[in-house]
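Peer 1: okay, here's the prediction I keep looking at, along with the sequence it came from:
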Amino acid sequence: MRSRRIGGAVLAVAVLALAACSSASSSSSTSPATGTAPSAASGGSGGATTSSVSAASAAVQAATAIPTSISVTQALPSAPPKGKTVLFLQCEQAECGYEGQGLQAAAAAIGWTVKILNFQAANPATLVTALKQGLEYHPVAAFFSGVPQASWQSMQKPYAAIGAVIVDNFNNVAPTGAGVLAGRGYASENGPQGTVLADEQIADSGGTPSNSLLVNVPSYPVFVPLAQAYKAQIAKDCSACQVTEVDVTLPQLLGGQLIPAVVSAAKRASNLKYIVAVNGQFIDQLPQALQAAGLGGKFKIISGAGVAADQQNVLNGQQLATVSSPYLLGGWQDMDEAIRWVMHLPVPAGDNEVPWVLLTKSNIGTPNNTFDRPTDYAQQFEQLWHVG
């Protein structure tokens with residue numbers, strides 16, 4: 001089932017540590033948002049105030065703006081030295097490969113080589129094996145996504161000994177110690193996404209109290225900041241809005257049970273207007289499932305990071321908004337970190353950002369599994385690197 005498909009950067013997030021804390025059933029809880037009482041100018045009793053709706057609308061407008069420049073602005077003092085090798089540890093999901101493709105394109109621009117070794121995100125031993133094998137290529141850096149540091153920290157000393165760095169993207173806790181750097185996709189990325197998803201709901205509702213389902217897989221720690229930020233923003237700006245949390249376990253997600261759990265919760269909820277998912281790829285088949293259950297068109301769907309299917313749902317009017325997934329661009333950010341490591345330069349903050357965009361009908365254009373903006377990101381990196 002396509003509903004079981006999960007993006008590589010997402011599936012790789014702490015899968016090993018998660019299985020032990022997953023249970024066999026989903027859970028849902030409903031709670032009224034808590035916050036200050038609305039003013040007389042609110043959209044209704046306990047609804048968002050006019051000023052809150054205006055602020056939410058402005059935040060949504062800002063989040064839908066397509067960037068014209070990359071997040072990295074610091075130019076290198078000179079072109080990178082040629083002939084270096086980096087490793088990309090590729091998980092089993094298709095989306096994992098996009099980042100590797102971006103890394104390869106960036107390597108070609110500066111005369112470097114990328115060695116790709118496979119591992120299974122659900123089996124940390126395979127990552128350690130790949131890292132051990134990678135040492136024979138004498139890399140300057142190794143990149144992968146989402147496996148907790150405890151699973152691969154035994155490889156830190158061997159990599160540090162050859163002057164190489166290990167970079168882990170998309171996790172909830174940044175790695176520490178010798179020979180490691182944090183990549184992208186940590187709490188600083190997901191918190192603001194959660195706030196914007198709440199702003200989209202508040203702006204779209206016009207301040208009218210409206211209840212929502214928040215669909216989450218708590219076993220993935222990387223989504224915790226997003227869920228917390230969403231609930232906090234709803235509580236702050238719409239005290240009468242109720243958020244029903246639909247928490248699905250990892251076995252349920254991988255078993256295709258998430259969407260049935262959401263449909264079941266939607267049938268039970270009262271005054272439900274919105275369904276909000278922490279990740280678009282969890283629910284890209286939800287519109288069809290709701291239609292089959294006789295609930296088609298009753299709810300507005302908003303999601304975190306999505307791919308082409310989620311974007312197409314937005315264009316079809318089956319979803320209100322989703323968030324971009326810039327995988328190829330992420331590979332160029334990886335390379336920028338590697339270059340600066342080799343040249344003994346500090347890593348700019350822009351390399352640690354996921355340059356996401358809130359996607360609506362107005363700005364999607366052509367759906368793509370890797371939505372990379374600005375479109376000339378490669379040329380902008382090359383200019384910073386004095387190549388091309």
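Peer 2: Ah, there it is.

Peer 1: going forward, measure contacts and count neighbours with C-alpha atoms only.
Peer 2: Will do.

Peer 1: show the pLDDT at G47.
Peer 2: Per-residue pLDDT puts G47 at 79.

Peer 1: equivalent analysis for the one 5 residues further on, please.
Peer 2: As predicted, S52 sits at a pLDDT of 94.

Peer 1: residue contacts, it?
Peer 2: The neighbours of S52, taking CA atoms under 8 Å, 6 or more residues apart in numbering as the test, are 207, 237.

Peer 1: give me the buried positions along the helix or strand hosting it.
Peer 2: Element membership of S52 [criterion: DSSP states H and E] is helix 50-63. Across helix 50-63, burial judged by 16 or more other CA atoms under 10 Å covers 50, 52-57, 59-60, 63.

Peer 1: these two touch, right, T85 and I116?
Peer 2: No: using CA atoms under 8 Å as the test, T85 is too far from I116 to be in contact (10.6 Å).

Peer 1: could you find the closest non-adjacent residue to V307?
Peer 2: Excluding its sequence neighbours, the residue lying closest to V307 (CA to CA, 6 or more residues apart in numbering) is N369, at 4.3 Å.

Peer 1: what about that neighbour, which helix or strand?
Peer 2: N369 is part of no helix or strand, with elements assigned from DSSP H and E.

Peer 1: so what's it up against?
Peer 2: 95, 306-309, 325.

Peer 1: turn those residues into a markdown table, columns for neighbour count, distance to A338 and secondary structure.
Peer 2: Conversion of those to a markdown table gives the following (neighbours: other CA atoms under 10 Å; distance: CA to CA, whole Å; DSSP: H, G, I helix; E, B strand; the rest coil):
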| residue | neighbour count | distance to A338 | secondary structure |
| --- | --- | --- | --- |
| E95 | 23 | 21 | helix |
| G306 | 27 | 27 | coil |
| V307 | 24 | 27 | coil |
| A308 | 20 | 29 | helix |
| A309 | 18 | 32 | helix |
| S325 | 27 | 22 | coil |
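
Peer 1: and the furthest pair within these?
Peer 2: E95 and A309 (13.0 Å; CA to CA).

Peer 1: please, where are all the strands along the stretch 1-150 of the chain?
Peer 2: Ranges of strands within the stretch 1-150 of the chain are 27-32, 85-90, 113-118, 141-145, based on DSSP state E, counting those that start in this stretch.

Peer 1: correction: the stretch 251-388 of the chain
Peer 2: 272-277, 300-305, 321-323, 358-359.

Peer 1: right, and Y186 touches A174 too?
Peer 2: Yes: counting by CA under 8 Å, Y186 touches A174, with 7.2 Å between them.

Peer 1: out of the two, which sits in the busier spot?
Peer 2: More crowded of Y186 and A174, by other CA atoms under 10 Å: Y186, with 23 against 19.

Peer 1: residue contacts, that one?
Peer 2: Contacts of Y186 by CA under 8 Å, 6+ apart are 169-174, 222.

Peer 1: repeat that for 10 Å
Peer 2: 146, 169-174, 221-223, 225, 352-354 (CA atoms under 10 Å, 6 or more residues apart in numbering).

Peer 1: ends of stretch 298-318, what's the gap?
Peer 2: End-to-end distance for stretch 298-318, by CA to CA, to the nearest Å: 10 Å.

Peer 1: can you give me the buried ones in that stretch?
Peer 2: Buried, per 16+ other CA under 10 Å, within stretch 298-318: 299-315, 318.

Peer 1: how far does stretch 79-92 sit from the chain's center?
Peer 2: Taking the mean of its C-alpha atoms, stretch 79-92 sits 23 Å from the chain's own mean (CA atoms, centre = their mean, to the nearest Å).

Peer 1: now that stretch: mean pLDDT?
Peer 2: Averaged over stretch 79-92, pLDDT sits at 96.

Peer 1: stretch 374-388 too?
Peer 2: 97.

Peer 1: which helices and strands does the longest helix that the chain contains pack with?
Peer 2: Scanning the chain for the longest helix, with DSSP state H as the assignment, gives helix 187-205. Other helices and strands packing on helix 187-205, by 3 or more CA pairs under 10 Å, 6 or more residues apart in numbering; DSSP states H and E, are helix 50-63, helix 224-237, strand 272-277, strand 300-305, strand 321-323, strand 358-359.

Peer 1: can you list these in TSV and add distance to P260?
Peer 2: Formatted as TSV, the helices and strands packed on helix 187-205 follow (distance: least, CA to CA, whole Å):
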stretch	distance to P260
helix 50-63	30
helix 224-237	21
strand 272-277	14
strand 300-305	15
strand 321-323	21
strand 358-359	25
